[in-house]
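In: sequence isn't available, so here's the structure alone:
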């Protein structure tokens, strides 16, 4: 085993005034400026920030892997007291993978597709410690077992694509831990995974420092995950650390306006879109080569004072009377931190009207043909995949109904049927009492098309890059039969841009000149271009940064209030759902497991799956106490669903054989609150809440 | 694959023998009388229905009976046998040389994307792929045959197979073809080198040689392998031109001469053979791709 | 965001900011300056295009005028009737320079025409196969695979020997429709090139479309009830243009080679028209004496194709940058 004797009071890693730049056609682009960080043995430090803030660059700089166009322009990276920036390639090689290891965002892409897991694992100790293959095999199997992979020997002999996402990421973590590193870098390790799978991996990561004494740097955009896994946190904004301290200090006594802005824009329990709406950070993240002088957050800050905030340098200062807490703000002592955030306008709750959309026993099956010769001969040429089975729910005027579920639950299939891209196999889908489930989009009238529209998930794909923004909105107006006269179309395009709070000049821009949030606004304008009665929003904010998310959800709410549109909100993110939805439908493998009002869903009794989902969502609030439920296993494939209750293979509350053989009954426990489960009513009713508030300290706002 | 062969045979048959009077005119020459042609058609079973003629044509084809060459008045099968052997020698030399040159250059420039070495290889491969076979042949002949007097200018194998006569045809084809293969290999290698799994391998602390040989090469060679085998098709195209240029007694020259002469039986046979080789190479490429790529092998 | 909200007048004021098509075209051409390789390519191509355009006004000998007894002369030979044969004469005593320049006209016109036709057919095939999928895809891909199974040269030989100027089809074109021999040969070349090239273009377009059709903006178009034709032509194809522009440059190079090659094999444009390939095969019979007359067309075709290939490289380099 390598020498592991390090003194406990010497930091494992120290970044001193680190600056990293990329060299592009536009010149030198500073990605990280004046970054300081200390990681003590056994400590877990989180780096949090929005996209483009430089957090991943820090990780790659520590690994000394910045590609051909990146380089460290200043400062030091001390590993066990030795400066890595002056090390030879050979020295670096002996540290990488053995003393410092890394886990990446996309496990599938990080594993070599043409090598078996065993080759990729065993070579780590074989190269670094020169041990024999047999010993390396033993170590690898033990490590896979330690990261709780079922059947390690089978995994060893598999290729990466044969594993599920969760298993792949556990294999990558095992690979990183094989040489017992002192420092583990985790770059968004769970972002690509489903919520319930993520929860399992997060639990494993929390365990690592305890079991192996490994120090960690955990990079994430998700404050909740940092809270669960880390001791200390650095908040980054536009290439700089703006606040550093223990998790308690930063979460409960934040002293930087950006940090507070961040907390104000994430939907924590207790926020409400009417009574306590989120407060977005105004403006946009500056581009790396357009950063303002002085405080980079200045132009977006409510406490900006010209002459002080825009005069460089703005150093990192220790917060008085709070050892270990540092902040990069010249005015932090003057700001009243107990003041309510500016810009939060309370609104009346929306009253709902009559049901607009009624879904009755809707089914959608796909036929999978086996075109191989064997399949044809055996007569089992085709079988059915039940993408949607007996969906049954209503949506009323001006109501927001959220459909929640993980990948493969059938939520996107439902949207396709609704939009007329697929025909339903059975049951009814009624819009204003008229059947539309069997009406393909090409047969729908322009008015019907206009009254049932959609907002898409990926802002970077939602607009056609070849056409101007204005022409894309104009096309929609023509298609919905709103108007055909040229002048009127132009005027309506401008009005729609006003509605989504974008300048009219944007009509002449190409989509690539817009930021992600702006594109998503255009997507919303497009969906509301006709007289939309129902708008399906498919994860409309999941690809956006949190501060932009708040603005977009706010916009959606405003338009909905104004137009009394029914919103079908498809999401996997329960935090956003709790904030935005009036009623929630929880789906798993094509079926509805539970439905009810948002309050009914988020408080007991729960369906066991909802209970696990709720527990899996990380919450960025130190006062919240959560019940800990980690589901075993992986999501089954919708092609091959389990018998009986679809959730029985992973259910922690499984009661016995009945779960495996019989489909559970749908019980209505309260008016509108339906649960499909075999558990007796009294057990369901006796459930404890998953989320509870502990002693509330100084909470954001 | 079999379906493609059948379709092509049907198309060829319809093209060349669909109109039986045309066949008679080709066989008996332009100065034969209508009576002669009708008699010939009757004697050779051309008055049967079209589908029957097609089936018997295929039947004979499968048994190696390709008819009699109008041009040489010998069985086409015999002609084909001689010429194919020569072409196989040429194509074999060219293919193996090209692959060796292309893989070496491609891998070495792809590892160091953007370096001087990489740029030099890129420019060289653009240059050589821009000079078509008959142009480079002209230039090479001017230099090595007429100016330096080192090599023979034609490769008719009049005194049996002579390796020195192979030098120029092989050189011309290798020069034209290696550029494309090289760029293909380079692109694939460069892409793999910037992939996340190669980053993983480097950050595992593996020596660079091991990263390249164990982690990068295998993935990087899948695409070029597939393309190279598929490109056999294009190589055959070039072979025809080079054979004509150097009077090389191969299958391409045979096909070309038969086509200009109007020797339909020889054209049919040559085309079917060429297509067969092409389809076979496609099949090999598919099988190879599956074998090389575990993602497909196990799905 | 609120400070950005503007009054209606701001919108109209912004109207003139829409750049014209022409100025956008100019700005994209000026982008090429950033790639030295692309610049060299553009210069080479422009060189030939200029010569081809200016051929009628340049002080050249008649490309068809034969000069008996003045055969296969070397470069810089003074001509009989005054002036100089800068690049010498060919096997019939015709001026090589003049034939080279007039030849560039023919090759450029027919190569461009053939590429355009082949591209149009290939793009439609590819976009339909890629977007509609199912049986459309099966049939189009099968048809493409059948054509791609021919080695290109074999395909050309088969098509031209069956449909060439000497065949009934060729006779039909030249006699019944009254096309002149060059046009007849040209039409047949276009036909052959289309059969050989369109499936390759289709394959590329199909691949691009399969990727593009998963984008949300395609779903958005489907959701608002656009016709498949509109989606293919307006939503899909414009977004495939980047790779297609690069490919069309390369493809134009291949087609240029093909046309010269057919000329070399006497399957192309009919004599006595100055065809680069034909110029080579004509002089080749005379061994070392024909070398001068053979080398120039060889250089000409190589430089033109090199220009196109470098141009394609330059465009690719620039498009990858941003």
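Out: Sure, I can see it. Since this is a predicted model, take the numbers as computed values, not measurements.
In: residues in the stretch 451-600 of chain A within reach of chain B, list them.
Out: Within the stretch 451-600 of chain A, no position is near chain B by Cβ under 8 Å from any Cβ of the partner chain. Every C-beta, even on glycine, is put in place using the N, C-alpha and C of the backbone.
In: closest residue of the stretch 451-600 of chain A to chain C?
Out: Using Cβ to the nearest Cβ, the single residue of the stretch 451-600 of chain A nearest to chain C is residue A:504, 2.9 Å away.
In: what's the burial count for that residue?
Out: When neighbours are counted by other Cβ atoms under 10 Å in any protein chain shown, residue A:504 registers 25.
In: can you pull the pLDDT of it?
Out: The score at residue A:504 is 90. That number is its pLDDT.
In: looks like it contacts residue A:494 (just checking).
Out: Yes - between residue A:504 and residue A:494 there is a contact under Cβ atoms under 8 Å: 4.7 Å.
In: my read: residue B:219 touches residue B:193, true?
Out: No - using Cβ under 8 Å, residue B:219 makes no contact with residue B:193, being 10.0 Å away.
In: distance of the residue of the stretch 451-600 of chain A closest to chain C relative to residue A:470?
Out: To residue A:470, residue A:504 is 9 Å away according to Cβ to Cβ, to the nearest Å.
In: again with residue A:355
Out: According to Cβ to Cβ, residue A:355 and residue A:470 sit 36 Å apart.
In: identify the bridge partners of residue A:366.
Out: Under DSSP bridges, the beta-bridge partners of residue A:366 are residue A:385.
In: for it, what are its contacts?
Out: Contacts for residue A:366 (Cβ atoms under 8 Å, 6 or more residues apart in numbering or on different chains) come out as A:384-385, A:387.
In: I'd like to know how far it sits from residue C:254.
Out: Distance from residue A:366 to residue C:254, counting by Cβ to Cβ: 42 Å.
In: assign a three-state SS to residue A:536, would you?
Out: Under DSSP: H, G, I helix; E, B strand; the rest coil, residue A:536 falls in the strand class.
In: what's across from it in the sheet?
Out: Beta bridges link residue A:536 to residue A:454, residue A:568 when assigned by DSSP bridges.
In: neighbours of it, how many?
Out: Number of residues near residue A:536 (other Cβ under 10 Å) recorded here: 26.
In: so which bits of the helix of greatest length in chain B are buried?
Out: Assignment by DSSP state H gives helix B:76-111 as the longest helix of chain B. Of all the residues in helix B:76-111, those buried under the rule 16 or more other Cβ atoms under 10 Å in any protein chain shown are B:76, B:79-80, B:83-84, B:86-87, B:89-91, B:93-95, B:97-99, B:101-103, B:105-111.
In: cool, and stretch A:585-597?
Out: For stretch A:585-597, a neighbour-count test (16+ other Cβ under 10 Å) marks A:585-596 as buried.
In: I'd like these as a markdown table, with distance to chain C and secondary structure appended.
Out: Shown next, in a markdown table, are these (distance: Cβ to the nearest Cβ, whole Å; DSSP: H, G, I helix; E, B strand; the rest coil):
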| residue | distance to chain C | secondary structure |
| --- | --- | --- |
| A:585 | 21 | strand |
| A:586 | 25 | strand |
| A:587 | 20 | strand |
| A:588 | 24 | strand |
| A:589 | 23 | coil |
| A:590 | 21 | coil |
| A:591 | 25 | strand |
| A:592 | 24 | strand |
| A:593 | 27 | strand |
| A:594 | 29 | strand |
| A:595 | 25 | strand |
| A:596 | 29 | strand |
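In: which of those residues sits closest to residue C:265?
Out: residue A:590 (62.5 Å; Cβ to Cβ).
In: report the helix or strand with the lowest average pLDDT across chain C.
Out: In chain C, the helix or strand scored least confidently by mean pLDDT, DSSP states H and E is helix C:8-14, which has a mean of 37.
In: and if you look at chain A?
Out: Least confident helix or strand, chain A: helix A:373-377 with a mean of 53, by mean pLDDT, DSSP H and E.
In: rewinding a little: so which other helices or strands are in contact with the longest helix of chain B?
Out: Where contact means 3 or more Cβ pairs under 8 Å, 6 or more residues apart in numbering or on different chains; DSSP states H and E, helix B:76-111 is packed against helix B:116-130, helix B:163-193, helix B:217-230, helix B:232-245, helix B:251-261, helix B:264-292.
In: and these: which comes nearest residue C:244?
Out: Distance to residue C:244, taken as Cβ to Cβ, is lowest for helix B:163-193 among those, at 17.8 Å.
In: list the buried residues in that closest one.
Out: Within helix B:163-193, the residues that qualify as buried are B:165-193, counting by 16+ other Cβ under 10 Å.
In: any stretches of the chain with poor pLDDT?
Out: Let's take chain A. Under the criterion pLDDT under 70, the flagged ranges of chain A are A:1-8, A:340-345, A:369-382, A:694-701.
In: oops, I was thinking of chain C
Out: Along chain C, segments meeting pLDDT under 70 span C:1-26, C:28-29, C:72, C:82, C:321-322.
In: next, name the residue at the spatial heart of it.
Out: Centroid check for chain C by Cα atoms, centre = their mean gives residue C:252 as the closest residue, at 3.0 Å.
In: what is whatever helix or strand that residue lives in packed up against?
Out: Using DSSP states H and E, residue C:252 sits in helix C:241-264. Judged by 3+ Cβ pairs under 8 Å, 6+ apart, helix C:241-264 is in contact with helix B:133-140, helix B:232-245, helix C:96-132, helix C:152-163, helix C:181-212, helix C:276-284, helix C:291-321.
In: ok, now how distant is residue C:254 from residue C:193?
Out: Counting by Cβ to Cβ, the gap from residue C:254 to residue C:193 is 9 Å.
In: comparing those two, which residue is more hemmed in?
Out: More crowded of residue C:254 and residue C:193, by other Cβ under 10 Å: residue C:193, with 27 against 23.
In: tell me the contacts of that one?
Out: C:114-115, C:117-118, C:255, C:258-259.
In: again with residue A:285
Out: Applying Cβ under 8 Å, 6+ apart, the residues near residue A:285 are A:50, A:52-53, A:238, A:545.
In: and it, how close does it get to chain B?
Out: Per Cβ to the nearest Cβ, to the nearest Å, residue A:285 is found 25 Å from chain B.
In: need the three-state assignment for that residue.
Out: Put simply, residue A:285 is coil when judged by three-state DSSP.
In: and it, backbone torsions?
Out: phi -60, psi 130 (degrees, to the nearest 10).
In: can you count the residues close to residue 274?
Out: With no chain named, the answer covers chain A. For residue A:274, the neighbour count with other Cβ under 10 Å is 12.
In: nope, chain B please
Out: 27.
In: one more: residue B:72?
Out: Neighbours of residue B:72 using other Cβ under 10 Å come to 16.
In: surely it meets residue B:80?
Out: No - applying Cβ under 8 Å, one finds residue B:72 not in contact with residue B:80, separated by 11.2 Å.
In: now the end-to-end length of stretch A:528-546.
Out: Stretch A:528-546 has an end-to-end distance of 23 Å (criterion: Cα to Cα, to the nearest Å).
In: ok, stretch A:91-99 next?
Out: Across stretch A:91-99, the terminal residues are separated by 11 Å (Cα to Cα).
In: what sits against the residue in chain A positioned nearest to chain B?
Out: In chain A, the residue found nearest to chain B is residue A:97; the distance is 3.4 Å by Cβ to the nearest Cβ. For residue A:97, the contact set (Cβ under 8 Å, 6+ apart) comprises A:124, A:127-128, A:176, A:179, A:181, B:203-206.
In: near chain C too, which of the residues you listed?
Out: Among those, no residue is within reach of chain C (Cβ under 8 Å from any Cβ).
In: please spell out the PyMOL selection for the buried subset of the residues you listed.
Out: The PyMOL selection below is limited to those of the contacts of residue A:97 classed as buried (16+ other Cβ under 10 Å):
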select buried, (chain A and resi 124+127+128+176+179+181) or (chain B and resi 203+204+205+206)
